[in-house]
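Enquirer: Pasting the sequence and the predicted coordinates here, then a few questions.
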Amino acid sequence: MTSFARVRITCQDGDVNLDHVFVCGNPALDFAATLRARRSLRFEMFASPDRLDAWYRESGVVDAVSPSQEADVEQAVAVREAIYELVTARRLGEAYADEALSVVNGAARKPPATPQLTAAGRRTDATPEEALSTVARHAVEVLSGPDVPLLKECGNPECTRVYIDRSRGMRRQWCGMESCGNKLKAAAYRARKKEAQAPASR
């Protein structure tokens, strides 16, 4: 598996949005996308235990999770990278790496988060290990299920999200319009405008 350094990002100019985004169509794919811009700047979304816990809650995997520690973040990152490696291999029709399989299957074998019925309805409380097991099980399901032919990488060269393209004719180009589509369309428009204005300035 590919090694990498965790990068803590301080956003001052507003260009980097560090909010968790859920556009991939499966929690495991969204989880794999929490290391952003993998081919360039590599923005680490799990820069602290609190950020990991926030992802578990915001994704809907659990309603509440007991506080994570640094060791939980390290384990989550290892599982995330293994999921991304397996998703990439599946999408490209390549063989799975044994180590990545071992990491994801090992996490999936742990007890998952279990929903409970309460007076107010369904609620899922979990430990970090249970939440991570649930994510790993989502990875097993998506990589062994009918959505495999629909896996597609975002058309933004700077984005490495892999999503499930359920659009008619699989014509979806971006992981999301707000996150990537609108930015690239705006950039293309500016480039065309600049090109059209170029002769007039000579």
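Expert: Arrived safely.
Enquirer: drop to CA atoms for contacts and neighbour counts, all remaining ones
Expert: Noted.
Enquirer: quick one: low-confidence parts of the chain?
Expert: Applying pLDDT under 70 to the chain flags the ranges 1-18, 177, 179, 181-202.
Enquirer: Spatially central residue in it, please.
Expert: Residue closest to the average C-alpha location in the chain (C-alpha atoms, centre = their mean): A33, at 2.2 Å.
Enquirer: Pop out the phi and psi values for that one.
Expert: Taking degrees, to the nearest 10, you get phi -90, psi 0 for the backbone angles of A33.
Enquirer: residue contacts, it?
Expert: Each residue near A33 by C-alpha atoms under 8 Å, 6 or more residues apart in numbering is listed here: 84, 160-162.
Enquirer: Counting neighbours, which of those end up buried?
Expert: Buried by 16 or more other C-alpha atoms under 10 Å: 84, 160-162, out of the contacts of A33.
Enquirer: picking that back up, now the contacts of A33 in JSON lines, with secondary structure and distance to L29?
Expert: Listed next are these as JSON lines, based on DSSP: H, G, I helix; E, B strand; the rest coil; distance: C-alpha to C-alpha, whole Å:
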{"residue": "Y84", "secondary structure": "helix", "distance to L29": "8"}
{"residue": "T160", "secondary structure": "coil", "distance to L29": "11"}
{"residue": "R161", "secondary structure": "coil", "distance to L29": "8"}
{"residue": "V162", "secondary structure": "strand", "distance to L29": "6"}
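Enquirer: Closest one of the residues you listed to E58?
Expert: Among the contacts of A33, R161 lies closest to E58 (C-alpha to C-alpha), at 17.8 Å.
Enquirer: what's near enough to touch that closest one?
Expert: Counting by C-alpha under 8 Å, 6+ apart, R161 touches 24, 29-30, 32-33, 36, 153-154, 175.
Enquirer: who wins for most neighbours among these?
Expert: Counting neighbours by other C-alpha atoms under 10 Å, A33 leads the contacts of R161 with 27 neighbours.
Enquirer: among the contacts of R161, which are in helices?
Expert: 29-30, 32 (DSSP state H).
Enquirer: Pick the one among the contacts of A33 closest to S68.
Expert: Among those, and counting by C-alpha to C-alpha, the member closest to S68 is Y84, at 21.8 Å.
Enquirer: Distance check, that closest one against K110.
Expert: Between Y84 and K110 the computed distance is 20 Å (C-alpha to C-alpha, to the nearest Å).
Enquirer: Please tell me how far S167 sits from A136.
Expert: Using C-alpha to C-alpha, S167 is found at 26 Å from A136.
Enquirer: quick one: which of these two has more around it?
Expert: More neighbours surround A136 than the other of S167 and A136, with 29 against 10 (other C-alpha under 10 Å).
Enquirer: what secondary structure does the more buried one sit in?
Expert: helix (DSSP: H, G, I helix; E, B strand; the rest coil).
Enquirer: Give me the neighbour count for the residue nearest to it when sequence neighbours are not counted.
Expert: Spatial nearest neighbour of A136, chain neighbours left out: A108 (5.0 Å); criterion: C-alpha to C-alpha, 6 or more residues apart in numbering. A108: 22 surrounding residues under other C-alpha under 10 Å.
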